[in-house]
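In: Structure for the following, please:
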Amino acid sequence: MMQGKTVIVTGANSGIGKATAAAIVKLQGRVIMACRDQTRAEEAAQDIRQETGADGRQIMVKQLDLASLRSVRSFCEDIIKEEPQLHALINNAGVYQCPYTKTEDGFEMQFGVNHLGHFLLTHLLMDLLKRSAPSRIVVVSSKLYKHGDINFEDLDSEQFYDKAFAYSRSKLANLLFTCELARRLEGSGVTVNALTPGIVRTNLGRHVHIPVLAKPLFNLISRGLLKSPEEGAQTSVYLASSLDVDGVQGKCFADCKPLELLDKATDQEVASKLWDISEVMVGVRVLSRDKLRGGV
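Out: Okay, here's the model as predicted:
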């Protein structure tokens, strides 16, 4: 049970994030829904309150735009000021195969939101998580990481952009982040694990074009083949709450079971270098990029 525990879920206004928030509330946990669109988040929170009987203290909404480092910093300042403890951070929000756009800080949108925004969020909340130990960080990745690679010469896709490849790269970055963070957290009382939720019926695929005539058939097939958001959320909830994974560090799970990853997702040298460059990109470390390019 999660009684007395505070959990932040990013992107909790729909899909897997909303289902994750609802499941944690049902386990008596307290959820802070960290969402970009406050109106939609309030509607989702109201749905969860009606479904679970929770009050405004047990499920609350805070504005967080992961495409803005300014917003991430502001969110974390508020949390640190207002919350005495944080027992779990679920990095769930994601942008999927959007047309080429940039974040407020000039990063390619999928890499900026899916990796860099969560990287800074986790960094800024780390002291609070350590003070609240035992605590957990859960990173939502995707099996599509297999199709990505980390090109340090073009992390921002300025030379080449393919929306599917950029998504896969951001999800590979999530796994490398988990790998390096696990190494750094050893013995701290904070654990980090990743998961791949499988193919879930959510609005994440809103940028994927399906011909109008094919939509009824696609919807029918997807109901039979794709997971519901509740099924997709099961592993996130498991990693945030289950005693089975107490002390488990740096693993990836699918359907609540450990998943064997490709070597490129656990390459310690690449993970370490990506960490260093990410620190520079989000402004928590000042180093010249040329210096950082010197390895791997």
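In: got the CA positions of stretch 257-265 in CSV?
Out: The C-alpha coordinates for stretch 257-265 follow below in CSV (Å, rounded to 0.1, in the frame of the first residue of the first chain):
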residue,chain,number,x,y,z
LYS,A,257,8.8,-8.7,-15.1
PRO,A,258,12.5,-7.8,-15.8
LEU,A,259,13.3,-7.2,-19.5
GLU,A,260,16.5,-8.0,-21.2
LEU,A,261,17.8,-4.9,-23.0
LEU,A,262,20.0,-4.5,-26.0
ASP,A,263,23.6,-3.7,-25.2
LYS,A,264,23.2,-0.1,-26.5
ALA,A,265,20.7,0.7,-23.8
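In: what's in contact with that stretch?
Out: 145-146, 149-150, 172, 175-176, 179, 195-196, 251-253, 270 (CB atoms under 8 Å, 6 or more residues apart in numbering). The C-beta positions use only the backbone N, C-alpha and C, and glycine is treated the same way.
In: do that again at 10 Å, thanks
Out: Stretch 257-265 has contacts (CB atoms under 10 Å, 6 or more residues apart in numbering) with 141, 143, 145-146, 148-150, 171-176, 178-179, 193-196, 235, 238, 245, 248, 251-254, 266, 270-271.
In: pLDDT (mean, whole number) over stretch 66-81?
Out: Average pLDDT, stretch 66-81: 98.
In: ignore the last one, stretch 47-60
Out: What stretch 47-60 shows for mean pLDDT is 95.
In: For Y100, which non-adjacent residue is spatially closest?
Out: Y161 (4.7 Å; CB to CB, 6 or more residues apart in numbering).
In: Report the contact partners of that neighbour.
Out: So Y161 contacts P99, Y100, E108, Q110, D154 (CB under 10 Å, 6+ apart).
In: So D276: helix, strand or coil?
Out: helix (DSSP: H, G, I helix; E, B strand; the rest coil).
In: what about it, neighbour count?
Out: By the criterion of other CB atoms under 10 Å, D276 has 15 neighbours.
In: Pull out the buried positions in stretch 44-52.
Out: A44, A45, I48, R49, T52 (16 or more other CB atoms under 10 Å).
In: for stretch 157-167, same thing?
Out: S157, K163, F165, A166, Y167.
In: any weak-confidence spans in the stretch 151-296 of the chain?
Out: Applying pLDDT under 70 to the stretch 151-296 of the chain flags the ranges 201-225, 287-296.
In: can you give me the helices for it?
Out: 163-185, 215-225, 229-241, 268-282, 289-292 (DSSP state H, counting those that start in this stretch).
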